[in-house]
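Asks: I would like the atomic coordinates for the input below:
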Amino acid sequence: MLKKVNQKTKRAIFLIWMAIFLTLACLAVYVLYPYINIYLVLNTFPLLSSSANTNSTSTFYGENIDMSQILPTSQHYVVNSKGEDLIDIAADLGINLIRITNAQRSFNNNADSVYTGDQWNQVLSKMQSKGIKALILIETDSSNGDYYTPDIRPVYLHLVQEYIDSGVFSNPDVYAADIKNEPLLTDANVSMLQTAHTIITAKYPHLKQTIGGWATPESPTDPSNPNNYNWSDFSAGQKIANLVDFYCIHMYGLASDNFGIGLNPDLKTQEFLSQVENGLQTKKPILIEEFGEANGDTVSDQDTIGSPQLQAKTYQGVYQALKEMHSSQLIGSVAFDFYSRNQYPDAWAIVKNNGDYLFPAAYILQEYALGKNNPSLQAATIVNSQSYLVTNADNNSTKTLHVSDRIGLELQLDDSKNYSLSLSAKGILQPIELLQYDPVSDSYHSLYQAASKGSVQLNIIINANCRRGMICTTPVYTLTINIQ
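Replies: The predicted structure follows:
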């Protein structure tokens with residue numbers, strides 16, 4: 001009996017000393033801050049971090065968001081009418097991983113988009129307080145064309161060193177570094193990626209590293225021609241097996257019949273992942289780092305239009321597939337993307353209007369991420385309309401639509417001239433996106449939704465050819481639309 005009492009006494013004394021030690025440690029942090037690095041403290045005492053155990057066993061539900069949109073001092077910082085920024089909105093949706101891209105300058109200058117340690121820590125501190133981990137993509141918005149060539153050039157290694165020098169990878173909120181987005185896996189490029197991996201490992205030996213998707217050249221005579229890229233060569237990922245702690249795959253086309261007629265996004269996701277696993281032949285974790293579907297606001301860079309319902313159905317399909325597959329190797333998904341990175345509509349976004357509007361897909365994400373069961377969302381995934389894309393080849397043709405269908409234009413016109421688009425009747429087509437030039441696709445885009453039954457003619461003319469009191473010259477593009 002006395003032995004048991006002594007053991008209890010020793011245990012009590014031990015717990016008292018531990019409490020005193022932790023109290024003194026916290027007091028030291030309070031007194032010495034900001035003279036010591038708070039991130040060093042959090043790494044040394046992980047229990048002091050509010051999100052130390054976040055994502056240790058949970059599935060990742062993530063989104064791609066640009067650094068320029070979540071840095072408070074950026075000219076592109078996004079805040080809604082409630083004072084919530086994109087990190088706040090993401091946390092409310094249950095997002096626990098953000099892939100931070102760097103595709104837009106935060107400041108109005110011509111310098112490469114590179115951030116300081118203080119700027120990174122300002123963003124990552126808030127993410128950590130919300131329980132959101134960061135996957136940092138190494139890229140920059142630059143006027144130097146060498147960053148954007150299919151062959152990875154030495155300037156890329158300079159950028160890698162700038163990220164290292166910023167100290168961003170020492171921040172405890174960083175889950176991993178994404179050392180390159182969608183590289184072409186030529187021998188020379190793999191060698192450059194190996195060098196990048198080596199210099200990061202030398203500074204941060206415990207930092208996870210990955211590569212954001214990949215492609216292989218189909219033509220050995222012209223390996224850098226984008227028209228010859230093979231995005232489905234999953235077995236090529238074995239070439240970078242020693243460079244990645246987990247594989248990142250990019251998955252699109254879930255709303256088309258890529259894998260068979262009539263398959264829904266759930267089954268297409270499972271088929272896609274099965275092909276990935278068969279190609280990679282790996283036991284390493286796999287993250288879906290990009291997936292998405294067009295939301296119906298504009299023509300996407302994959303020449304799709306979609307709709308809010310189709311986007312929501314695709315999100316649901318991906319999340320449901322991961323849930324049904326019960327695979328510990330699949331660690332989650334990161335959708336592309338959260339918010340438009342420029343002043344134009346973004347076909348992939350699930351948030352718009354400065355964060356005041358959320359597409360149905362955002363609520364589907366929330367339902368799965370937070371484990372909710374919301375039957376009312378089922379209607380948001382029922383697709384009752386179709387979308388059609390017309391090009392130069394459809395000039396002077398007739399298209400038949402049904403009410404609620406969408407029709408988008410992607411036209412190659414002389415961009416040295418100004419154009420205007422007119423409709424022969426009002427109320428039949430509802431404009432979603434007015435005619436404007438898209439520099440990415442080097443084409444003119446416009447998008448309409450069928451509002452009521454009837455017939456309407458769409459004409460595009462060169463502005464200079466239409467003067468007051470005169471009849472305009474022949475349109476450069478004409479389309480007749482019948483809505484049934």
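
Asks: what's the pLDDT at residue 42?
Replies: You'll see residue 42 listed with a pLDDT of 37.

Asks: next one: residue 50
Replies: 37.

Asks: hey, which helix or strand in the chain has the poorest pLDDT?
Replies: helix 38-44 (a mean of 37; mean pLDDT, DSSP states H and E).

Asks: just checking, which helix or strand succeeds that helix along the chain?
Replies: strand 60-66 (DSSP states H and E).

Asks: give the partner strands of that following strand in its sheet and their orientations.
Replies: According to DSSP bridges, strand 60-66 forms sheet pairs with strand 97-101 (parallel), strand 330-335 (parallel).

Asks: touching whatever helix or strand comes next after that strand from outside, list them.
Replies: Heading C-terminal from strand 60-66, the first helix or strand you meet, by DSSP H and E, is helix 86-92. For helix 86-92, the surrounding residues in contact (C-beta atoms under 8 Å, 6 or more residues apart in numbering) are 63, 65, 69-70, 78, 80, 84, 98, 123, 126-127, 130-132, 338-339, 351, 355, 358, 366. To be clear about C-beta, it is placed using only N, CA and C from the backbone, and glycine gets the same treatment.

Asks: likewise for stretch 183-197?
Replies: With C-beta under 8 Å, 6+ apart as the criterion, stretch 183-197 contacts 138, 150-152, 156-157, 160, 179-180, 209, 211, 214-217, 223-224, 229, 236, 239-240, 242-243.

Asks: same thing but 6 Å
Replies: Outside stretch 183-197, the residues within contact range by C-beta atoms under 6 Å, 6 or more residues apart in numbering are 150, 152, 160, 179-180, 209, 214-216, 223, 236, 239, 243.

Asks: likewise stretch 399-419?
Replies: 296, 299, 305, 385-392, 437, 443-450, 460, 462-463, 481-484.

Asks: dump the residue contacts of residue 298.
Replies: Counting by C-beta under 6 Å, 6+ apart, residue 298 has contacts 345, 347, 433, 447.

Asks: residue 327: which of these is nearest?
Replies: Distances from residue 327 to the contacts of residue 298, taken as C-beta to C-beta, are shortest for residue 347 (29.6 Å).

Asks: any idea whether the closest one is helix, strand or coil?
Replies: coil (DSSP: H, G, I helix; E, B strand; the rest coil).

Asks: could you find the closest non-adjacent residue to it?
Replies: residue 300 (3.5 Å; C-beta to C-beta, 6 or more residues apart in numbering).

Asks: distance-wise, check the one you found relative to residue 332.
Replies: 24 Å (C-beta to C-beta, to the nearest Å).

Asks: more crowded one of these two?
Replies: Each of residue 300 and residue 332 has its neighbours counted (other C-beta atoms under 10 Å); residue 300 has more, 23 against 20.

Asks: any idea how this protein splits into domains?
Replies: The record's domain split for the chain, according to automatic domain parsing, is 2-36, 54-381, 387-483.

Asks: ok, which stretches of the stretch 351-484 of the chain are strands?
Replies: In the stretch 351-484 of the chain, the segments counted as strands under DSSP state E, counting those that start in this stretch are 351-352, 357-358, 387-390, 397-401, 406-411, 419-423, 429-438, 443-450, 454-462, 477-483.

Asks: of all those strands, which lies closest to residue 263?
Replies: Evaluated over the strands of the stretch 351-484 of the chain, closeness to residue 263 peaks at strand 387-390, with 18.8 Å, by C-beta to C-beta.
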